[in-house]
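J.: Fold the following and give me the result.
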Amino acid sequence: MPLAQKAVQLATNRLPKVISPRTHFVVDYLVAGVFVASAAGLWRQNRKAAIGALMCGAADLLVVSLTTRPGGARRAISFRTHGTLDMGLAAMTAMMPEFMRVADTPQSRLFLGQSVLMTAVAGLTDFDADEMRTDGTRERRVARAGRVA
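T.: Numbers count the residues shown, from 1 in each chain. I've put the predicted structure just below:
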């Protein structure tokens, strides 16, 4: 894990969790979009970096598509597990320049920047937010509050 990514992880672990699950999903889609757009833009310049960006974008989209959404039906991956997978995806993204042998090119900065962003978002996300509960706990609490008022 690169030093910058580790520093961001340590810093965000101590900060309040200010990113909601809905915002987290929006950022995930934006990150995947940046990877796909970068792959298209890099295709003629550096095909190895483009393939690496495409792999990272596809992996991010796969995790997002298999994750239970706020207020949605249950899917294969819980939101808490999604957070764990996000840290793995960030590490994979950080190592992609080495894996694709583009570490000494300017395109490698894309992967470092994206991995730091992914680490920061995962570190600042509230993975225990009420809106992600699918067991009815929040609904029961809201119903009780409505009857009392």
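
J.: which residues of this protein score low on pLDDT?
T.: Within the chain, the stretches with pLDDT under 70 are 1, 130-149.

J.: Going along the chain, name the helices of this protein.
T.: Counting by DSSP state H, one finds helices in the chain at the ranges 3-13, 21-42, 47-65, 79-99, 108-124, 137-148.

J.: and these, which is most packed in?
T.: Per residue and on average, the most neighbours among the helices of the chain fall to helix 108-124, with a mean of 21 (mean count of other CB atoms under 10 Å). For every residue, glycine as well, the C-beta is placed using N, CA and C.

J.: In terms of secondary structure, what does that helix contact?
T.: Packing partners of helix 108-124 (3 or more CB pairs under 8 Å, 6 or more residues apart in numbering; DSSP states H and E): helix 3-13, helix 21-42, helix 47-65, helix 79-99.

J.: Redo those as JSON lines? Include distance to residue 71.
T.: As requested, the helices and strands packed on helix 108-124 are exported to JSON lines (distance: least, CB to CB, whole Å):
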{"stretch": "helix 3-13", "distance to residue 71": "26"}
{"stretch": "helix 21-42", "distance to residue 71": "9"}
{"stretch": "helix 47-65", "distance to residue 71": "16"}
{"stretch": "helix 79-99", "distance to residue 71": "12"}
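
J.: Among the ones you listed, which comes closest to residue 122?
T.: helix 79-99 (4.2 Å; CB to CB).

J.: That closest one versus helix 47-65: what angle between them?
T.: 170 degrees (axes from the mean of the first three to the mean of the last three CA atoms, to 10 degrees).

J.: what angle sits between helix 79-99 and helix 21-42?
T.: 20 degrees.

J.: Contacts for helix 79-99, please.
T.: Helix 79-99 has contacts (CB atoms under 8 Å, 6 or more residues apart in numbering) with 1-2, 5, 9, 21, 28, 49, 52-53, 55-56, 59-60, 63-64, 67-68, 77, 103, 105, 107-108, 111-112, 114-116, 118-119, 121-122, 125, 127-128, 132.
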